[in-house]
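Undergrad: Quick one: sequence and predicted model below, then my questions.
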Amino acid sequence: FRQCWGNALQITAEARSKLVSWLIAVRRQLKLSFESCCLAVNIMDRFLITTSVAADCFQLLGVTSLLIATKQVEVYSPRITQLLSLCCNSFSREQLCNLECLILLRLHFRLAAPTHAFFLDYFTSRTTGYQTDGAMDKMVTTQDRNAWKEPQKKWKWLACKVCELSLADYTFNKYMPSVIVLCAVKLAKDLLKTHSAQPTDNKAEYATFEAQLLVQQCTEDLKLLVSLNQDAVQDFISPLYYPSVNIWRREKLRVCK
């Protein structure tokens, strides 16, 4: 096993962004769940807190974290040879297995964690678009439910896409996953002009003034993130929204300069 920890180099936010973006692409290619991707990034970040990793072993850490996450989440995890081939066979099976053991030891086998995927499912299940009380629920026709189903899929997909983008941006590590997802759902509905009868952005979600400020700041950061990655979400955003997004983006870029 090659010593990845001696004379370790500092991992930069840019390197992390590239690795997470690569993991997201791998997740799609292997048709893994969003939960696996979120948990893999969580495992990787927690391990980096405990251990310094050399730059040439960073990709090995990412793919090993993904393997551990899939063992927790998926019914069938990818084969090790399949994962190594995605790394152009730059690492051996022994290296990956040894690093897997090291990650488990450093994390004390505590792999479960609250993820973006978990809270996205939670807020989606809460936001049905209709009252779920018995009498009211009976009044809702199948046609009405089908009419809501399609826009619900769109804003959920868009919210998931925004959460994916936030995973790769180290700036959002300062926010809890629940806050990011809450803001992503709210932003997705605003972009698609879709609002349910039971909105998720009520005061019950963030009762204190400090929490409201945190949600507002996170929402603004997500808006900037989306404006910088319009190509990734343009198919799900109304064209009418684009002019305001573009103007807002240019103003923000001037401020950043």
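TA: Perfect, I can see it now. These numbers come from a predicted model, not from an experiment.
Undergrad: Would you mind listing the buried residues in the host helix or strand of Ser36?
TA: Secondary-structure assignment from DSSP states H and E places Ser36 in helix 34-50. With burial defined by 16 or more other C-beta atoms under 10 Å, the residues of helix 34-50 counted as buried are 34-48. In this view, the C-beta of every residue, glycine as well, is placed from N, C-alpha and C.
Undergrad: now for that helix, which elements pack on it?
TA: Using 3 or more C-beta pairs under 8 Å, 6 or more residues apart in numbering; DSSP states H and E as the contact criterion, the elements in contact with helix 34-50 are helix 13-29, helix 58-73, helix 93-106, helix 116-126, helix 142-168.
Undergrad: mind putting those in CSV, mean neighbour count, mean pLDDT and distance to Leu192 included?
TA: As requested, these are exported to CSV (neighbours: other C-beta atoms under 10 Å; pLDDT from 0 to 100; distance: least, C-beta to C-beta, whole Å):
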stretch, mean neighbour count, mean pLDDT, distance to Leu192
helix 13-29, 16, 92, 22
helix 58-73, 22, 95, 28
helix 93-106, 16, 96, 39
helix 116-126, 18, 86, 14
helix 142-168, 18, 71, 5
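Undergrad: Columns distance to Gln216 on top of the ones you listed, output as TSV?
TA: Formatted as TSV, the entries for those read as follows, by distance: least, C-beta to C-beta, whole Å:
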stretch	distance to Gln216
helix 13-29	23
helix 58-73	31
helix 93-106	36
helix 116-126	18
helix 142-168	16
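Undergrad: what helix or strand is Ser227 on?
TA: Assigned by DSSP H and E, Ser227 falls in helix 209-228.
Undergrad: Which elements pack onto that helix?
TA: Here helix 209-228 touches helix 142-168, helix 177-192, helix 242-256, going by 3+ C-beta pairs under 8 Å, 6+ apart.
Undergrad: pretty sure Ile11 is touching Asp45, no?
TA: No - with contact defined as C-beta atoms under 8 Å, Ile11 and Asp45 do not form a contacting pair (10.3 Å).
Undergrad: Outline the domain layout of this structure.
TA: Domain assignment for the chain by automatic domain parsing gives 13-106, 116-256.
Undergrad: Which neighbouring residues are in contact with Ser90, exactly?
TA: Under the criterion of C-beta atoms under 8 Å, 6 or more residues apart in numbering, the contact list for Ser90 reads Gln59, Leu60.
Undergrad: can you give me phi and psi for Met52?
TA: No Met there; residue 52 is Ser. With angles defined as degrees, to the nearest 10, Ser52 sits at phi -80, psi 140.
Undergrad: For it, give its distance to Ser90.
TA: Ser52 is 20 Å from Ser90, where distance means C-beta to C-beta, to the nearest Å.
Undergrad: How about Lys31?
TA: The span separating Lys31 from Ser90 equals 23 Å under the rule C-beta to C-beta.
Undergrad: how many neighbours does Ala54 have?
TA: Look at Ala54: counted by other C-beta atoms under 10 Å, it has 18 neighbours.
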